[in-house]
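J.: The sequence isn't on hand, but the structure is:
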């Protein structure tokens, strides 16, 4: 498996702790590495702001990326990757701080909630 760091050539923008919702609360039955979900900030009206292309790479207990064929735990940590570089400056550098809350999204459906735990490359990545 190639990690997002290998693919993108830089460190993740930030790290989060997450909780995935069960299927009966809008989540997915099974989640695997490199889920292509999007991101929304808590408090945003997504009809006005939209959702953002920020993808997670789920980590194991040691902080290393989980393999692609292993089911992701319901709770854990993930490294987050902003896919549109221009959005770092125009939106995310102002909004992302340690403690910022948000959601993994599939369209308008919330798959789980997150809280930012660490800023990594947000201010250096281009």
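T.: Perfect, thanks for sending it. Quick caveat, the model's predicted, so the values are computed rather than measured. Numbering: from 1, shown residues only.

J.: In the chain, spot the strand with the most residues.
T.: Ranked by residue count, the top strand of the chain under DSSP state E comes out as strand 109-119.

J.: so what strands line up beside that strand?
T.: Strand 109-119 sits in its sheet next to strand 14-20 (antiparallel), strand 101-106 (antiparallel), going by DSSP bridges.

J.: Any chance of JSON lines for those, columns mean neighbour count?
T.: C-betas here are computed from N, CA, C, even on glycine. Supplementary listing: the strands paired with strand 109-119 in JSON lines, determined by neighbours: other Cβ atoms under 10 Å:
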{"stretch": "strand 14-20", "mean neighbour count": "20"}
{"stretch": "strand 101-106", "mean neighbour count": "20"}
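
J.: now the most far-flung residue of the chain relative to its centre: how far from residue 84?
T.: Residue distances from the centre of the chain (Cα atoms, centre = their mean) peak at residue 24, which lies 21.5 Å from the mean C-alpha position. Residue 24 sits 33 Å away from residue 84, going by Cβ to Cβ, to the nearest Å.

J.: Just want the most central residue of the chain.
T.: Centre-nearest of the chain using Cα atoms, centre = their mean is residue 56, 3.6 Å out.

J.: Okay, and that one sits in which element?
T.: Taking DSSP states H and E as the definition, residue 56 sits inside strand 54-59.

J.: quick check, distance from that strand to the centre of its chain.
T.: Strand 54-59 has its average C-alpha position 5 Å from the chain's average C-alpha position, going by Cα atoms, centre = their mean, to the nearest Å.
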